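Enquirer: Pasting the sequence and the predicted coordinates here, then a few questions.
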Amino acid sequence: MAPVLLAVAHGSRDPAAVTSTRALLRRVRSLRPELTVRCGFLDLSRPLLAEALAQLSGARPILVPLLLGTGYHIRVDLPAALATAGLPLTHLAPALGPHRLLAEALADRLAEAGASAADAPVVLAGAGSSDPTALADTARMAELLATRLGRHVTPAHLSAATPTPHQAVTDLRAAGHPAVALATYLLSPGFFARRAATAAATWTSAPLAAHPAVARLILHRYDRARAATELTTAA
């Protein structure tokens, strides 16, 4: 049997964030109904990752982080959880971002918000991090989105780093752009999404949520990690 796909999400006090995560995983299941897909949370929501791993004892799952960049969780928390469960590091897929499929999803969310002006610059509003690798991932995602849209995209951060989305929007207006679009680079609704909406952009897109391209990316990350695990086992 194929290894279980164990998606690992942040967790949130906001019920809408958990509902959004579960909707995304339902879409993943619809794309590959023969695959067992489960979910664990790093904090605040149940089941916690340790609980989800315990429920899958002996199943040797592939962990797919529902995280958009490579930060502390990817480098420290998830490897530690694997070690505790007796699983090798090959059972951990990379973060979802940056990736061209996310650029597809972001572009669609902007279109849904009505941000169709070809000359309007875009601010990419990521969660933010104190980890330079995570910030570099957001900058790379801005480049991928700019390529997709054919217009300038400024990376911004909702916490821990600058510019903030509000600063980026203000700077673009001061530079002579009357209309600015804000692409919400978050998977789920919640505190950060509400903060992004206060940036006073002309258009603000919704979080990525259960976009089909995100579901395809989750399966892509799973397939690559599974292949690496099987190659290591065969060796």
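Expert: Arrived safely, thanks for sending. Numbering: from 1, shown residues only.
Enquirer: When you work out contacts or count neighbours from here on, use the C-alpha atoms and nothing else.
Expert: Will do.
Enquirer: tell me the contacts of the nearest residue to residue 43 once chain neighbours are set aside?
Expert: Distances taken as CA to CA, 6 or more residues apart in numbering place residue 11 nearest to residue 43, at 5.1 Å, with adjacent residues excluded. Taking CA atoms under 8 Å, 6 or more residues apart in numbering, we find residue 11 in contact with 17-18, 41-46.
Enquirer: Check which helices and strands the lengthiest helix in the chain sits against.
Expert: Secondary structure assigned by DSSP state H gives helix 212-234 as the longest helix of the chain. For helix 212-234, the elements it packs on are helix 15-31, strand 62-65, helix 100-112, judged by 3 or more CA pairs under 8 Å, 6 or more residues apart in numbering; DSSP states H and E.
Enquirer: Mind exporting the C-alpha coordinates of that helix to CSV?
Expert: Output of helix 212-234 as CSV, limited to C-alpha atoms (Å, rounded to 0.1, in the frame of the first residue of the first chain):
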residue,chain,number,x,y,z
PRO,A,212,-7.0,23.1,-7.0
ALA,A,213,-3.4,24.1,-7.8
VAL,A,214,-2.6,23.9,-4.0
ALA,A,215,-4.1,20.4,-3.9
ARG,A,216,-2.0,19.4,-6.9
LEU,A,217,1.1,20.8,-5.2
ILE,A,218,0.5,18.8,-2.0
LEU,A,219,0.3,15.6,-4.1
HIS,A,220,3.4,16.6,-6.0
ARG,A,221,5.4,17.1,-2.8
TYR,A,222,4.1,13.8,-1.5
ASP,A,223,5.1,11.9,-4.7
ARG,A,224,8.6,13.3,-4.7
ALA,A,225,9.1,12.5,-1.0
ARG,A,226,7.7,9.0,-1.5
ALA,A,227,10.1,8.4,-4.4
ALA,A,228,13.0,9.5,-2.4
THR,A,229,12.0,7.2,0.5
GLU,A,230,11.6,4.2,-1.8
LEU,A,231,15.0,5.0,-3.5
THR,A,232,16.7,5.1,0.0
THR,A,233,15.0,1.9,1.0
ALA,A,234,16.1,0.1,-2.1
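Enquirer: Give me the contact list for it.
Expert: By CA under 8 Å, 6+ apart, the list of residues contacting helix 212-234 reads 3, 5, 24-25, 27-28, 31, 62-64, 66, 90-94, 96, 101-102, 104-105, 208.
Enquirer: just stretch 34-50 next, same as before
Expert: Residues outside stretch 34-50 that contact it (CA under 8 Å, 6+ apart): 2-13, 18, 25, 28-29, 51-53, 81.
Enquirer: Same check on stretch 80-90?
Expert: By CA under 8 Å, 6+ apart, stretch 80-90 touches 49-50, 53-54, 60, 79, 91-92, 225, 228-229.
Enquirer: so how far is residue 49 from the residue nearest to residue 43?
Expert: For residue 11, the distance to residue 49 equals 10 Å [CA to CA, to the nearest Å].
Enquirer: Can you identify each of the helices in the chain by residue range?
Expert: 15-31, 49-55, 72, 78-84, 100-112, 132-149, 165-174, 191-196, 212-234.
Enquirer: so what's the most centrally placed residue in the chain closest to, chain neighbours aside?
Expert: The geometric centre of the chain, computed from its C-alpha atoms, lies nearest to residue 68 (CA atoms, centre = their mean), at 3.2 Å. In space, and not counting its chain neighbours, residue 68 is closest to residue 97: 4.5 Å by CA to CA, 6+ apart.
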